[in-house]
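Q: pasting the sequence and the predicted model now:
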Amino acid sequence: MSASDRDTAHPMQDHVHMRKPKPRPTPEELRARKEATRQRVSGSVETITVSMGPQHPSMHGVFQAVLDLDGEVIVNTDARIGNLHRGVEKLAEYRTYHQFIPVTDRLDYISSFAMNHGYCEAVEKLMGVHVPRRARYIRTIAHELCRLSNHILWLGVHIMDFGAQTFFLICFRDREYILDLFEMLCGARLTHSYARIGGVAKDLPEGWEHKCREVVDFLPKRLDEYQRLITQNRIFLKRSVGIGIFTVEDLHTWRVTGPCLRAAGVPRDLRKDEPYAAYDEVEFEVAVEYNSDVYDRFLVRMKEMYESCNIIRQCLDNLPDGEFLAEDAAHVLPLKKNVMRDAAAMVQDFVHVFRGPQVPKGEVYRAVEAPKGEFGVYISSDGGPKPQRLHLATPSFFHGQAVPALFEGEMLADSVGIFGSADIVLGDSDR
Amino acid sequence: MSLKDIIKKSAFVEILQGMSVTGKYFVGDKVTVEYPKEKIVPYPRFRGMHALLTDPATGVLNCCGCHLCETICPSQCIYIDTSEVDNHKSIDRFDIDLSRCIFCGFCEEVCPCAAIVMTKVYELATYDKSEFYLTKETLVANQVNAHKETVRR
Ligand code: SF4
Ligand code: SF4
């Protein structure tokens, strides 16, 4: 099947610009389309084996794919992960619940606040800590900023995989505004460590709200500009429409979540389905597309960015006053300003550092919608100050294991784009 | 293929569209900083290299030798030795191994005496790894770089 065949075969070709509503394929149609775009290989031909990665620039980290090729078609893929394995789950068993927060930064280092947040939500569920309303709003804002920065970075790298070098720099310029906001907020640009058990580490600094509002006001304009550059770009369309189709069953089989799942028409979003933080108090729409190819994954992420700006704006409008950290002597590390003035808080500080929080026995599982997909934390506690066992279900790991199925029957040249559309960060996957 | 498509394909509409965006920024403001010549000033909460604060009046170290920072540190890179000198704790050793520090700021957060703080120093590259090992003297000397906001508190 040549490229021009594919153009005419694909029903979306004429109205990708979203002027008309796109047709929604039924699951059967999607399956048939997947069959049609994946090129059959004759079993008799000898294959050659090519190793891509772990140092390949488009592998987004230290991911190695050993590809068996029949001509230009990928027959078989051996996905090798683990080059960035640091034993994070074991580390957790030697750290108190509080000390583990900075380690979660290093999971998905592109969106570290989302990781902090997911972990803290799980610990709060275990300890039964009530998070103040203001803290929940601040967390929502930070989480959405994280989603914006993750998607902008993803977009730049993804488009660079298709050959547009300049666009990468444009995206980095705009991501910088968000990183600045984070630096003002918590003092670090990448590894935030901002969420705490029972709230957030620091209150919003002076002038931050105004600055944040400015950023979320002009970012949509920048996003429009991206759309002008990419959404109708012929090269991008040729390389993304109808490529890497994955049916809903496949997605469920491989536990693919997040934007990739929503691009197949499944409106699964934990922010709506199991609201955490302040997501039940803001209005937003779950971005859904229906064709489940590389292009639709791009559209879903684009829409999500607009929605994120929208959510942040609502949160800033309704930001309540009050505490940003729960007052819960048994579970929460006290604030520094209290420690220096109040003897009880000082004692609490010493007890927390030297003995750790009081934790009930039990098991919890809590998942949040991280920018890349569902991030689940499972904690098994034996009542001690450190988790007995902590397991992390990170989205990139599951997306990584779907890579062989995604690649099968696709062209070698498309593999880079398909891999990019799955949005994998190896720190998240290898842990 | 309709006439519209042919015009579109031969006139490279996308390229013109893309170039219009490029052109707009070609004449616009510069967003980059020429780094070694111009330096970026970090925000007041920035977590850079540590410092130990002393009392400005007496010059005595604020630190009371409670070992809280040493205990909370997730990467265990603070080393403190104390001894008792006439009912007073004296800090014999206060070292931080920056090559292991992850700049989480927990040490600053738990300190009950406002002794250890994070400063705005972010240029930490050296030719020699031993320079990452900060001793008490270096940390005290670094207090000039502390954020004004933290010192006031
Ligand atoms: S910043 Fe964190 S890692 Fe570094 S010395 Fe302080 S507590 Fe330890
Ligand atoms: S926590 Fe503060 S007072 Fe205690 S040992 Fe560390 S620097 Fe000194």
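A: Looks like it arrived, so ask away. Numbering: from 1, shown residues only, chains lettered A, B, ... in the order given. Ligands and ions are numbered 1, 2, ... in the order given.
Q: ok, now which ones touch the residue in the stretch 151-300 of chain A positioned nearest to ligand 1?
A: When distances are taken as CB to the nearest ligand atom, the stretch 151-300 of chain A reaches nearest to ligand 1 at residue A:193, 8.6 Å away. (Each C-beta comes from the backbone N, C-alpha and C, glycine too.) For residue A:193, the contacting residues are A:101, A:102, A:105, A:112, A:116, A:186, A:201, B:104, B:105, B:106, by CB atoms under 8 Å, 6 or more residues apart in numbering or on different chains.
Q: for residue A:314, same thing?
A: Taking CB under 8 Å, 6+ apart as the test, what residue A:314 contacts is A:282, A:283, A:284.
Q: repeat that for 6 Å
A: Neighbouring residues of residue A:314 by CB atoms under 6 Å, 6 or more residues apart in numbering or on different chains: residue A:282.
Q: who does whichever strand or helix holds residue B:118 pair up with?
A: Element membership for residue B:118, per DSSP states H and E: strand B:116-118. As defined by DSSP bridges, the strand partners of strand B:116-118 come to strand B:50-52 (antiparallel).
Q: any chance you could list what contacts the strand it pairs with?
A: By CB under 6 Å, 6+ apart, strand B:50-52 touches B:96, B:115, B:116, B:117, B:118, B:119, B:139, B:140, B:142, B:143, B:146.
Q: that one: how far from the chain's middle?
A: 11 Å (CA atoms, centre = their mean, to the nearest Å).
Q: swap in stretch A:211-231?
A: 20 Å.
Q: tell me the mean pLDDT over it?
A: For stretch A:211-231, the mean per-residue pLDDT is 84.
Q: quick one: mean pLDDT for the helix of greatest length in chain B?
A: Longest helix in chain B, counting residues (DSSP state H): helix B:13-27. Helix B:13-27 shows a mean pLDDT of 75.
Q: if we can go back for a sec, can you lay out the contacts of residue A:193 as TSV showing neighbour count?
A: Output for these, formatted as TSV (neighbours: other CB atoms under 10 Å in any protein chain shown):
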residue	neighbour count
A:101	25
A:102	23
A:105	23
A:112	27
A:116	30
A:186	25
A:201	24
B:104	25
B:105	21
B:106	24
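Q: does stretch A:210-222 come close to chain B?
A: No. Using CB under 6 Å from any CB of the partner chain, stretch A:210-222 never reaches chain B; the gap is at least 10.4 Å.
Q: what lies in contact with that stretch?
A: So stretch A:210-222 is contacted by A:174, A:177, A:181, A:306, A:309, A:312, A:313, A:316 (CB under 6 Å, 6+ apart).
Q: quick one: the strand ranked longest in chain B near ligand 2?
A: For chain B, the strand with the greatest residue count under DSSP state E is strand B:88-97. No. Using CB under 6 Å from any ligand atom, strand B:88-97 stays clear of ligand 2, coming no nearer than 7.3 Å.
Q: partners of that strand in the sheet?
A: By DSSP bridges, strand B:88-97 pairs with strand B:78-85 (antiparallel), strand B:133-134 (antiparallel).
Q: could you measure from the residue of the stretch 151-300 of chain A closest to ligand 1 over to residue A:238?
A: 43 Å (CB to CB, to the nearest Å).
Q: look at residue A:304 and say how many residues are nearby.
A: Using other CB atoms under 10 Å in any protein chain shown, residue A:304 has 25 neighbouring residues.
Q: tell me which parts of chain B are close to chain A?
A: Counting by CB under 6 Å from any CB, chain B comes close to chain A at B:14, B:17-18, B:21, B:31, B:43, B:45-47, B:68, B:71-72, B:74, B:102, B:104, B:109-110, B:112.
Q: can you select the buried ones from the residues you listed in PyMOL?
A: To isolate the buried subset of the residues of chain B next to chain A in PyMOL, counting by 16 or more other CB atoms under 10 Å in any protein chain shown, use the following:
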select buried, chain B and resi 14+18+21+43+45+46+47+68+71+72+74+102+104+109+110+112
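Q: which other helices and strands contact the strand or helix carrying residue A:90?
A: If you go by DSSP H and E, residue A:90 is part of helix A:88-92. Helices and strands touching helix A:88-92, by 3 or more CB pairs under 6 Å, 6 or more residues apart in numbering or on different chains; DSSP states H and E: there are none.
Q: ok and the residue in chain A nearest ligand 1?
A: Proximity of chain A to ligand 1 (CB to the nearest ligand atom) peaks at residue A:102, 6.9 Å away.
Q: burial check on residue A:317, number of neighbours?
A: 10.
Q: now residue A:83: closest residue in space, sequence neighbours ignored.
A: Excluding its sequence neighbours, the residue lying closest to residue A:83 (CB to CB, 6 or more residues apart in numbering or on different chains) is residue A:62, at 3.8 Å.
Q: try residue A:325
A: Per CB to CB, 6+ apart, closest to residue A:325 is residue A:199, 3.6 Å.
Q: give the contact list for that neighbour.
A: Contacts were defined as CB under 6 Å, 6+ apart; by that measure residue A:199 touches A:131, A:135, A:324, A:325, A:326.
Q: quick check: it vs ligand 2, distance?
A: The gap separating residue A:199 from ligand 2 is 22 Å, by CB to the nearest ligand atom, to the nearest Å.
Q: hey, what's that residue bridged with?
A: residue A:196, residue A:325.
Q: which pLDDT value goes with it?
A: The model's pLDDT for residue A:199 equals 86.
Q: then residue A:45?
A: Looking at residue A:45, the pLDDT reads 66.
Q: same check on residue A:41?
A: Reported pLDDT for residue A:41: 64.
Q: I'd like the contacts of residue A:193 laid out as CSV, including secondary structure.
A: Formatted as CSV, the contacts of residue A:193 follow (DSSP: H, G, I helix; E, B strand; the rest coil):
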residue, secondary structure
A:101, helix
A:102, helix
A:105, helix
A:112, helix
A:116, helix
A:186, helix
A:201, coil
B:104, coil
B:105, coil
B:106, helix
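Q: among those, which two are most distant?
A: Put simply, by CB to CB the two of the contacts of residue A:193 set farthest apart are A:112 and B:106, 15.3 Å from each other.
Q: need the CA coordinates for stretch B:115-130. CSV is fine.
A: Output in CSV follows, covering the C-alpha atoms of stretch B:115-130 (Å, rounded to 0.1, in the frame of the first residue of the first chain):
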residue,chain,number,x,y,z
ALA,B,115,20.2,27.8,60.9
ILE,B,116,20.4,25.9,57.7
VAL,B,117,18.9,27.6,54.7
MET,B,118,19.0,27.2,50.9
THR,B,119,20.5,30.1,49.0
LYS,B,120,20.3,31.5,45.5
VAL,B,121,23.7,30.0,44.3
TYR,B,122,23.0,27.8,41.3
GLU,B,123,26.3,27.6,39.6
LEU,B,124,27.8,24.5,41.1
ALA,B,125,29.9,23.0,38.4
THR,B,126,33.5,22.4,39.3
TYR,B,127,36.5,20.6,37.9
ASP,B,128,37.1,18.7,41.1
LYS,B,129,34.6,16.5,42.9
SER,B,130,36.1,17.3,46.3
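Q: do that stretch and ligand 1 meet?
A: No. Judged by CB under 6 Å from any ligand atom, stretch B:115-130 makes no contact with ligand 1; its nearest approach is 6.8 Å.
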